[in-house]
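Undergrad: Next one to model:
(chains A and B)
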Amino acid sequence: MTHRSDRSLSVAGLARVEGEGAMHIRVDDGEVTDVRLEIYEPPRFFEALLRGRGYTEAPDITARVCGICPVAYQLSACRAIEDACGVTVDGTLADLRRLLYCGEWIESHALHIYLLHAPDFLGYDGAVELARDHRSIVERGLAIKKAGNELLTVLGGRAIHPVNVRVGGFYRAPSPAELAALVPALRRALDDALSTVEWVARFEYPDFHHDHELLALVEPDRYAIESGTPATDRGLSFAVRDFEAHIVEEQVPHSTALHASLAGRGRYLTGPLARYALSQHLLSPLARQAAGAAGLDVDCRNPFRSIVVRAVELVYAVEEALRLIDAYRPPQLAAVAVPPRAGVGYGATEAPRGTLFHRYALAADGTITSARIVPPTAQNQASIEHDLRALVGQRLHLDDHRLTHECEQAIRNYDPCISCATHFLTLSVERSHR
Amino acid sequence: MRIVVIGVGNSYRTDDGVGPAVVELLERRNVEGVVLARSLGEATELIDRWTGADLAILVDAVLADPAHPGRVHRLVVHRPPAERGRAASSHGMDLGEAVELARVLDRLPGELVLYAVEVDRVGYGEGLTPAVAQAAERLAENIAAEVAARTPLTVP
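TA: This next block holds a predicted model:
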């Protein structure tokens, strides 16, 4: 006897991205025999589009890969191009980049925590239903997000797809007064971020743990955001330029997306859980204290608790923004000169959802001859599938509706990127009994 | 009267870029008395853009089946719509949810007009397909006229 049930859970009327994220789960005799997730569309088009373009165009073009983390794309691109040209951007300009990146972390984390992930834990279908019952909480989330947006607007020229970032630095450096004007909103955001940690710490978390190797950029003296060296929690460390030697991507039959793994080691995870595991000792005292009060272990392996880690990172990003603004002295020049030369350059930064790697090859006149982008959602895909397989195996007693919801929640643990990944999740469960 | 026109979409996804294309046409026309904006459609961004506006005009791409690429639907949001099907998105919120969230938070504009343009292709690539490009031209003209009719004449 075979019982088969297929359901299609989505299709919103308004087009945003092509393709559908799909999840297929096969259960035979009470055993999960297959889990396939197709949530990620690799930005191959952008890699092709970049060939033949000028080296200074890469930051703006790649920013369009994602609506939520354009700064990550811009700064990974800048670092790679500058590496190819043999130029290092440091001092005040590097601080301004970190400040800009803090704005993106604040905005992205606030959005994900409040509007996308929290409703799952509180039993709401979505942010609208959450807002109906808890208006002031949602308004608090939007206020935090707005503080991040304002930082992006002042530093980046506008909130979405900043136009002020360029290879070598910025088109225009902000005045101290412009940045000082952001301080009151950021101080409020700091209080709100601390309240956010307390709020999410009270959620109920499924008892679920993974054993993925964790990969993030690390820096010797601070929590890595806009630069750093790739490292894992099991002792592997390598230079950014060796990224492609250590991260291998392979075609899997069920997906157009490539599955990333660590060469000779297997699947791994990037993102807030990985950053926290590798660098939590470098968080500010206030952020560490908030994490401790929220009951976060030094090594958090429950992916559902990633929302708590995001909230802790929110505290850190706001504090870091305030610190950078306080220390700000305008640079002599808004950008350093980056004359083109033939070569290959590598860049990696910590996007809100994980490590984002770029590689460009340039001709002598700066024309891009090849480009490679490895975004965090692609790297996490194999680990997400692994989580789903384990999760479903433990929850086969649930009806399909409930099971689907828990799987969606598990996918949201990894905050997949809006246009790097696709919008719609279609689930089909095949249950067969022989 | 505060009027904002928001073109929703991604110009690197062919016809999905019809919203930003209409905004670009309006920029070239130097339409006065209106704030022009582009958006990828993220809900809180839309809400920020239209909060405080007397009239918000959104232009977005829509996939229809069967499709009539270039056909434009004009929808006016003024009261709670009938119960709608919820899109099971793994992340993100769609325009309908943005409207509902804004309603709950008292942040809807005085009037919200949505021009939904039926599109043909939304794969990777730049540029609009011919029928959609024509629709964008007509729509920009209509919106310019609509804005002009609503804006009081200024005497120099």
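Undergrad: Over to residue B:133. Which of the three states is it?
TA: Three-state assignment for residue B:133 (DSSP: H, G, I helix; E, B strand; the rest coil): helix.
Undergrad: Contact partners for it?
TA: By CB atoms under 8 Å, 6 or more residues apart in numbering or on different chains, the contact set of residue B:133 is B:21, B:127. Placement of C-beta: from N, CA and C, glycine included.
Undergrad: ranges for the strands of chain B?
TA: Ranges of strands in chain B, per DSSP state E, are B:3-8, B:35-39, B:55-62, B:72-77, B:111-118.
Undergrad: So, low pLDDT: which residues of chain A?
TA: Along chain A, segments meeting pLDDT under 70 span A:1-22, A:38-44, A:65-68, A:158-162, A:253-258, A:417-434.
Undergrad: got a list of what residue A:130 touches?
TA: Counted by CB under 8 Å, 6+ apart, residue A:130 has contacts A:115, A:118, A:119, A:122, A:124, A:137, A:138.
Undergrad: is it true that it lies in a strand?
TA: No: going by three-state DSSP, the assignment for residue A:130 is helix, not a strand.
Undergrad: quick one, what contacts residue 143?
TA: Because you didn't say which chain, this covers chain A. A:185, A:188, A:189, A:192.
Undergrad: To clarify, I was referring to chain B.
TA: Counting by CB under 8 Å, 6+ apart, residue B:143 makes contact with B:5, B:22, B:26, B:31, B:57, B:59, B:115.
Undergrad: again, 7 Å this time
TA: Neighbouring residues of residue B:143 by CB atoms under 7 Å, 6 or more residues apart in numbering or on different chains: B:5, B:22, B:26, B:57.
Undergrad: and these as JSON lines, adding distance to chain A, neighbour count and pLDDT?
TA: Listed next are those as JSON lines, based on distance: CB to the nearest CB, whole Å; neighbours: other CB atoms under 10 Å in any protein chain shown; pLDDT from 0 to 100:
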{"residue": "B:5", "distance to chain A": "16", "neighbour count": "29", "pLDDT": "97"}
{"residue": "B:22", "distance to chain A": "15", "neighbour count": "31", "pLDDT": "97"}
{"residue": "B:26", "distance to chain A": "18", "neighbour count": "22", "pLDDT": "95"}
{"residue": "B:57", "distance to chain A": "16", "neighbour count": "27", "pLDDT": "96"}
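Undergrad: In a markdown table: those, plus distance to residue A:302.
TA: Output for the contacts of residue B:143, formatted as a markdown table (distance: CB to CB, whole Å):
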| residue | distance to residue A:302 |
| --- | --- |
| B:5 | 45 |
| B:22 | 46 |
| B:26 | 49 |
| B:57 | 45 |
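Undergrad: May I ask you to confirm that residue A:342 is in contact with residue A:361?
TA: No: Residue A:342 lies out of contact with residue A:361 (CB atoms under 7 Å); the separation is 8.4 Å.
Undergrad: More neighbours: which of these two?
TA: A side-by-side neighbour count of residue A:342 and residue A:361, using other CB atoms under 10 Å in any protein chain shown, places residue A:361 first with 17 against 14.
Undergrad: contacts for the helix or strand harbouring that one?
TA: Element membership for residue A:361, per DSSP states H and E: strand A:354-362. Outside strand A:354-362, the residues within contact range by CB under 7 Å, 6+ apart are A:55, A:58, A:72-73, A:76-77, A:80-81, A:84, A:215-217, A:230, A:243-244, A:270-271, A:340, A:342-349, A:368-376, A:379-380.
Undergrad: Sort out for me which of those are in strands.
TA: Counting by DSSP E, the contacts of strand A:354-362 contribute A:215-217, A:230, A:270, A:343-349, A:368-374 to strands.
Undergrad: Can you flag the buried ones in the residues you listed?
TA: With neighbours counted by 16 or more other CB atoms under 10 Å in any protein chain shown, the ones in strands among the contacts of strand A:354-362 contain buried members at A:215-217, A:230, A:270, A:345-349, A:368, A:371-374.
Undergrad: quick one: which of these is nearest to residue B:75?
TA: residue A:373 (36.8 Å; CB to CB).
Undergrad: circling back to that earlier point, and the strand holding residue A:361 with strand A:368-374, angle?
TA: If you take axes from the mean of the first three to the mean of the last three CA atoms, to 10 degrees, strand A:354-362 sits at 170 degrees to strand A:368-374.
Undergrad: Strand partners (parallel or antiparallel) of strand A:354-362?
TA: strand A:343-351 (antiparallel), strand A:368-374 (antiparallel) (DSSP bridges).
Undergrad: in stretch A:402-417, what counts as buried?
TA: Buried-residue list, stretch A:402-417, by 16+ other CB under 10 Å: A:403-417.
Undergrad: which of these come close to chain B?
TA: Counting by CB under 7 Å from any CB of the partner chain, A:408, A:411, A:412, A:415, A:416 from the buried residues of stretch A:402-417 sit close to chain B.
Undergrad: For the residues you listed, name the two members farthest from one another.
TA: It's A:408 and A:415 that sit farthest apart of these, by CB to CB, at 12.8 Å.
Undergrad: Can you give me every residue that contacts residue A:284?
TA: When contacts are counted by CB under 7 Å, 6+ apart, residue A:284 touches A:316, A:319.
Undergrad: Next, it: phi, psi?
TA: Dihedral pair for residue A:284: phi -70, psi 160, per degrees, to the nearest 10.
Undergrad: Look up how far residue B:23 lies from residue B:34.
TA: Distance of residue B:34 to residue B:23, given as CB to CB, to the nearest Å: 10 Å.
Undergrad: which residues do these two both contact?
TA: residue B:5.
Undergrad: before we move on, the earlier item: tell me which of the buried residues of stretch A:402-417 fall in helices.
TA: Taking DSSP state H as the definition of helices, the buried residues of stretch A:402-417 contribute A:403, A:404, A:405, A:406, A:407, A:408, A:409, A:410, A:411, A:412.
Undergrad: Get me the contact residues on the stretch 101-250 of chain A for chain B.
TA: So the stretch 101-250 of chain A meets chain B at A:111, A:115-116, A:125-128, A:131-132, A:135, A:138-139, A:142, A:145, A:160 (CB under 7 Å from any CB).
Undergrad: correct me, but residue A:318 touches residue A:186?
TA: Yes: using CB under 7 Å, residue A:318 is in contact with residue A:186, at 5.8 Å.
Undergrad: And those two? Which one has more around it.
TA: Per other CB under 10 Å, whichever of residue A:318 and residue A:186 has more neighbours is residue A:318, with 33 against 24.
Undergrad: mind checking the backbone torsions on the more buried one?
TA: Note on residue A:318: its backbone torsions stand at phi -70, psi -50 [degrees, to the nearest 10].
Undergrad: Please list all residues in contact with it.
TA: By CB under 7 Å, 6+ apart, the residues touching residue A:318 are A:106, A:186, A:189, A:190, A:193.
Undergrad: Count the neighbours of the last one for me.
TA: Pointing back at residue A:193 there. Residue A:193 has 29 neighbouring residues, counting by other CB under 10 Å.
Undergrad: Spell out the secondary structure type for it.
TA: Secondary structure for residue A:193, judged by three-state DSSP, is helix.
Undergrad: quick one: which of the contacts of residue A:143 is nearest residue B:137?
TA: residue A:185 (41.0 Å).
Undergrad: Got the domain ranges for chain A?
TA: Chain A is divided into the following domains under automatic domain parsing: A:2-39+A:382-432, A:88-335.
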